[in-house]
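Undergrad: Predicted model, plus sequence, below.
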Amino acid sequence: MSLHGTYDDQNIFAKIIRGEAPAVKLLETDDVIAFMDVFPQSKGHCLIVPKTPARNLLELPAEAAQAAIVQVKSLAEATEKALSPDGIAVVQFNGAPAGQSVFHIHFHVIPQWEGEKLASHGGGEMADMAELEALAEKIKAKL
């Protein structure tokens, strides 16, 4: 699969942006939407999704990338304040060989704790929705 191609407006993140699929939202602006990952690699794993229809970072206009990274930083800071992890990974994949599984540009904010292993990317267990809602409330309180 090429890094450039046709954008599929039926991907799950496009549906969430349009309000056609549910999500445990953390924030929404004119430029991005952020929500909890339903297949988290760790407690508090969330996604920041630019609303611009682009498959990956290479296709995202610079202005949209700037707006997104501001929210990535804000959400990472709120996650640190809310959950006190030992570290936070900020990850963004481009193309299937690099690990991308949803072909709409998105950034991961993944809290990490010393001695705790991460679940596999995109292959772990679906989270309990009540737990995701509780974590979202803690993070939103620090935004």
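TA: Now that the structure is in, tell me what you want to look at.
Undergrad: What's the mean pLDDT across stretch 133-143?
TA: Averaging pLDDT along stretch 133-143 gives 98.
Undergrad: mind checking the SS state of the residue nearest the centre of the chain?
TA: By Cα atoms, centre = their mean, the mean C-alpha position of the chain lies nearest to Leu47, the distance being 1.1 Å. At Leu47 the chain is in strand, as set by DSSP: H, G, I helix; E, B strand; the rest coil.
Undergrad: excluding its backbone neighbours, what's nearest Asp37?
TA: His45 (4.4 Å; Cβ to Cβ, 6 or more residues apart in numbering). No exception for glycine: its C-beta is placed from N, CA and C like everyone else's.
Undergrad: got it, and Ala23?
TA: Nearest residue to Ala23 in three dimensions, chain neighbours excluded: Phe35, at 3.9 Å (Cβ to Cβ, 6+ apart).
Undergrad: what ranges do the strands span in the chain?
TA: 25-28, 32-36, 46-50, 87-91, 107-112 (DSSP state E).
Undergrad: could those go into TSV alongside mean pLDDT and distance to Gln66?
TA: Listed next are those as TSV, based on pLDDT from 0 to 100; distance: least, Cβ to Cβ, whole Å:
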stretch	mean pLDDT	distance to Gln66
strand 25-28	98	17
strand 32-36	98	11
strand 46-50	98	10
strand 87-91	98	15
strand 107-112	98	13
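Undergrad: Give me whichever of the ones you listed is most buried.
TA: strand 46-50 (a mean of 25; mean count of other Cβ atoms under 10 Å).
Undergrad: Pull up the pairing partners for it, direction included.
TA: When pairs are called by DSSP bridges, strand 46-50 turns out to pair with strand 32-36 (antiparallel), strand 107-112 (antiparallel).
Undergrad: rewinding a little: can you tell me how far the residue nearest to Ala23 is from Pro85?
TA: Distance of Phe35 to Pro85, computed by Cβ to Cβ, to the nearest Å: 19 Å.
Undergrad: quick revisit: which ones are touching the residue nearest to Ala23?
TA: Phe35 sits next to 16, 23-26, 46-47, 49, 136 when contact means Cβ atoms under 8 Å, 6 or more residues apart in numbering.
Undergrad: Same question for Ile16.
TA: Ile16 neighbours (Cβ under 8 Å, 6+ apart): 22-23, 33, 35, 49.
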